[in-house]
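Chemist: next input, structure requested:
(one chain, ligands or ions: 2)
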Amino acid sequence: MLADGYNFMVSSNEFKQQALSQLIELLRIPSISALPEHKADIERAAGFIESALKTAGMTRTGQIRGAGNPLVYGEWLGAPDQPTILFYGHYDVQPPDPLDEWKSEPFSPTIRGDNLYARGASDDKGQTWILIKAVEWLLTRDGRLPVNVKFLIEGEEESGGEHIEAYLASKPAQLAAGAVVICDTEMFAPEMPTICTGLRGLVYGEIHVEGARQDLHSGVYGGAAPNPLQALAEIICALKDKDGRIRIPGFYDRVEKPSPAEVEAWASLPFDEEKYREAEVGSPALTGEPGFSVFERTWARPTFEVHGIRGGFTGEGAKTVIPARAVAKVSTRLVASQQPGEAIDQITTAVAAACPKGVKAQFKLLHAAAPSLVNTASPYIAKAAAALQETFGARTVYMRSGGSIPVVGLFDRHLGIPSVMMGFGLPDDNLHSPNEKFYLPNFYRGIDATARYLEMLAA
Ligand code: BES
Ligand code: ZN
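Modeler: Ligands and ions are numbered 1, 2, ... in the order given. Below is the predicted model of the structure:
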């Protein structure tokens with residue numbers, strides 16, 4: 001099952017095969033944090049992770065339970081004179097819909113070719129499993145680890161990761177570490193080991209629009225009564241123009257340009273915009289702010305997106321009705337140095353200002369996260385780059401990502417520790433979409449690279 005031509009130098013093939021079968025079991029659990037009916041699955045997944053940490057050889061494990069989904073903790077602290085690494089991952093996943101677009105069931109993991117297909121395969125159960133298995137491998141082989149390790153595995157990252165903040169804000173002594181290592185990002189391309197140096201932040205919420213007291217006959221009242229769906233469309237257009245420029249007053253005030261060194265590093269990444277459009281995006285044209293490259297538009301500029309609109313009649317056939325209310329789920333991605341609190345105020349004001357006559361409109365916040373930038377001068381980053389380079393036999397590249405991992409900003413803010421984002425996903429892994437997959441050679445090399453990283457971190 002292992003692809004030929006790779007240099008599996010650290011852990012054995014037998015160990016990797018066993019790691020894969022166990023990952024498949026974890027992927028069978030539909031631990032969808034956004035849907036309350038999956039609460040029991042969240043609990044099962046948390047239990048699965050905790051027992052995996054025990055099996056891996058952690059000397060202490062536990063679940064931090066409070067409001068929200070359990071945080072799973074584990075530690076091995078048997079190397080007193082050595083650095084301590086905190087590993088972060090998440091065991092929750094996104095909802096799998098639309099179901100009819102999956103070639104195999106989202107929670108029946110299936111291997112086709114070199115890929116493992118399942119919701120969470122890459123984001124983030126497969127990648128979390130890499131971290132646990134790398135540590136287990138070293139403990140199995142050597143009976144000890146070269147450095148101290150701690151694990152903090154979250155269960156609600158995909159729905160905002162709100163509750164972890166209260167825990168981190170209490171500055172728990174048990175999380176003390178030199179750096180946090182996160183395996184929840186992508187590589188630039190299959191053979192290019194990658195360190196992610198920045199993520200966008202996020203403000204996610206709903207725009208609620210209310211018009212008439214109840215739904216109305218559109219022939220009898222159309223022309224005199226306000227239409228909340230029309231109003232919603234007008235509000236949305238008032239927030240972003242057709243060039244992709246956000247029209248929320250003040251929104252760009254704090255946006256920083258990427259550094260010249262970053263711009264230079266990005267320019268050296270092999271990128272074919274037409275191929276990206278065709279193979280990755282699959283749309284007739286790319287959109288977005290004129291004058292900015294795709295990397296800038298997706299990594300270093302804020303965006304505003306509409307995720308769903310609810311309201312009116314959406315069944316088969318025709319119904320002539322003016323709906324009384326409508327809701328849009330929307331988000332903005334933030335970049336350094338935008339601040340979530342300020343962005344929330346700006347959005348709230350802009351929605352109210354854009355509200356047309358005859359309806360009431362309100363922005364209701366669901367969750368928010370700050371953007372984050374990594375200081376690449378950290379020795380923890382240099383050693384990660386070296387371990388990746390050695391395992392993949394190729395130069396490590398540095399890129400940012402447009403996605404968000406709320407906890408990254410929180411580790412910095414509350415614990416003052418840097419994040420090392422070494423991820424093994426690929427741009428075509430279909431994160432949050434049908435047919436999510438994980439490229440198995442990256443799963444195996446991820447285990448090896450992480451194990452090598454721990455060896456290299458030993459003083
Ligand atoms: N792993 C992703 C974030 C990501 C994806 C980083 C690709 C880099 C490359 C993460 O699990 C995720 O999807 N986060 C959500 C966060 C949100 C719901 C708060 C996101 O970005 O939409
Ligand atoms: Zn993730």
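Chemist: quick one, phi/psi of the residue in the stretch 351-459 of the chain that ligand 2 sits nearest to?
Modeler: Here the residue of the stretch 351-459 of the chain nearest ligand 2 is Ile405; by Cβ to the ion that distance is 6.5 Å. C-beta: built from backbone N, CA, C; applies to glycine. As for Ile405, its main-chain torsions (degrees, to the nearest 10) stand at phi -130, psi 100.
Chemist: quick one: the helices in the stretch 151-300 of the chain, in order.
Modeler: Taking DSSP state H, counting those that start in this stretch as the criterion, the stretch 151-300 of the chain carries its helices at 163-169, 218-221, 228-239, 260-267, 273-275, 294-295.
Chemist: what score does the closest residue to ligand 1 within the chain have for pLDDT?
Modeler: Nearest residue of the chain to ligand 1, counting by Cβ to the nearest ligand atom: Gly403, 2.8 Å away. Gly403 is assigned 96 on the pLDDT scale.
Chemist: and for the one 4 residues further on?
Modeler: What the model reports for Val407 is a pLDDT of 95.
Chemist: skip ahead from whichever strand or helix holds it and say which helix or strand is next.
Modeler: Here Val407 sits within helix 406-410, counting by DSSP states H and E. Downstream of helix 406-410, the first helix or strand assigned by DSSP H and E is strand 419-422.
Chemist: now for that next one, which elements pack on it?
Modeler: Strand 419-422 sits against strand 179-182, strand 194-196, helix 379-392, helix 440-457, with contacts defined as 3 or more Cβ pairs under 8 Å, 6 or more residues apart in numbering; DSSP states H and E.
Chemist: picking up where we left off before, looking at it, the residue of the stretch 351-459 of the chain closest to ligand 2 is touching Glu157, isn't it?
Modeler: Yes - with contact defined as Cβ atoms under 8 Å, Ile405 counts as touching Glu157 (6.8 Å).
Chemist: what touches both of the two?
Modeler: Shared contacts of Ile405 and Glu157 (Cβ atoms under 8 Å, 6 or more residues apart in numbering): Asp184.
Chemist: that older thread, could the helices and strands packed on strand 419-422 be laid out in a markdown table, adding mean neighbour count, distance to ligand 2 and mean pLDDT?
Modeler: Listed next are the helices and strands packed on strand 419-422 as a markdown table, based on neighbours: other Cβ atoms under 10 Å; distance: least, Cβ to the ion, whole Å; pLDDT from 0 to 100:
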| stretch | mean neighbour count | distance to ligand 2 | mean pLDDT |
| --- | --- | --- | --- |
| strand 179-182 | 24 | 9 | 98 |
| strand 194-196 | 24 | 12 | 98 |
| helix 379-392 | 20 | 18 | 97 |
| helix 440-457 | 24 | 14 | 97 |
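Chemist: any chance of those in JSON lines, with distance to Glu274 too?
Modeler: Output for the helices and strands packed on strand 419-422, formatted as JSON lines (distance: least, Cβ to Cβ, whole Å):
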{"stretch": "strand 179-182", "distance to Glu274": "32"}
{"stretch": "strand 194-196", "distance to Glu274": "22"}
{"stretch": "helix 379-392", "distance to Glu274": "27"}
{"stretch": "helix 440-457", "distance to Glu274": "26"}
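Chemist: circling back: out of the helices of the stretch 151-300 of the chain, which comes closest to Pro193?
Modeler: Closest approach to Pro193 among the helices of the stretch 151-300 of the chain is made by helix 260-267 (14.2 Å; Cβ to Cβ).
Chemist: report all helices and strands that that closest one contacts.
Modeler: Right, helix 260-267 is packed against strand 397-399 by 3+ Cβ pairs under 8 Å, 6+ apart.
Chemist: so for the strand it packs on, mean pLDDT?
Modeler: Per-residue scores along strand 397-399 average to 96.
Chemist: which strands and helices sit next to it?
Modeler: Strand 397-399 is packed against strand 194-196, helix 260-267, with contacts defined by 3+ Cβ pairs under 8 Å, 6+ apart.
Chemist: got the contact list for the residue of the chain closest to ligand 1?
Modeler: For Gly403, the contacting residues are 185, 199-200, 431, by Cβ under 8 Å, 6+ apart.
Chemist: okay, Arg277 and Gly288: tell me how far apart.
Modeler: 12 Å (Cβ to Cβ, to the nearest Å).
Chemist: sorry, wrong one. I was asking about Pro146.
Modeler: Counting by Cβ to Cβ, the gap from Pro146 to Gly288 is 45 Å.
Chemist: which of the contacts of Gly403 tops the neighbour count?
Modeler: Leu199 (31 neighbours; other Cβ atoms under 10 Å).
Chemist: distance of it relative to Asn442?
Modeler: According to Cβ to Cβ, Leu199 stands 20 Å off from Asn442.
Chemist: now Glu455
Modeler: From Glu455 across to Asn442, the span is 20 Å (Cβ to Cβ).
Chemist: kindly report the residues of the stretch 101-250 of the chain close to ligand 2.
Modeler: By Cβ under 5 Å from the ion, the residues of the stretch 101-250 of the chain that approach ligand 2 are 123-124, 184.
Chemist: 8 Å instead?
Modeler: Contact residues, the stretch 101-250 of the chain versus ligand 2 (Cβ under 8 Å from the ion): 123-124, 127, 157-158, 184.
Chemist: near ligand 1, from those?
Modeler: Of the residues in these, proximity to ligand 1 by Cβ under 6 Å from any ligand atom holds for 123-124, 157-158, 184.
Chemist: mind putting those residues in JSON lines, neighbour count, distance to Tyr117 and pLDDT included?
Modeler: Formatted as JSON lines, these follow (neighbours: other Cβ atoms under 10 Å; distance: Cβ to Cβ, whole Å; pLDDT from 0 to 100):
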{"residue": "Asp123", "neighbour count": "27", "distance to Tyr117": "13", "pLDDT": "98"}
{"residue": "Asp124", "neighbour count": "28", "distance to Tyr117": "16", "pLDDT": "98"}
{"residue": "Glu157", "neighbour count": "27", "distance to Tyr117": "21", "pLDDT": "96"}
{"residue": "Glu158", "neighbour count": "20", "distance to Tyr117": "18", "pLDDT": "94"}
{"residue": "Asp184", "neighbour count": "28", "distance to Tyr117": "19", "pLDDT": "98"}
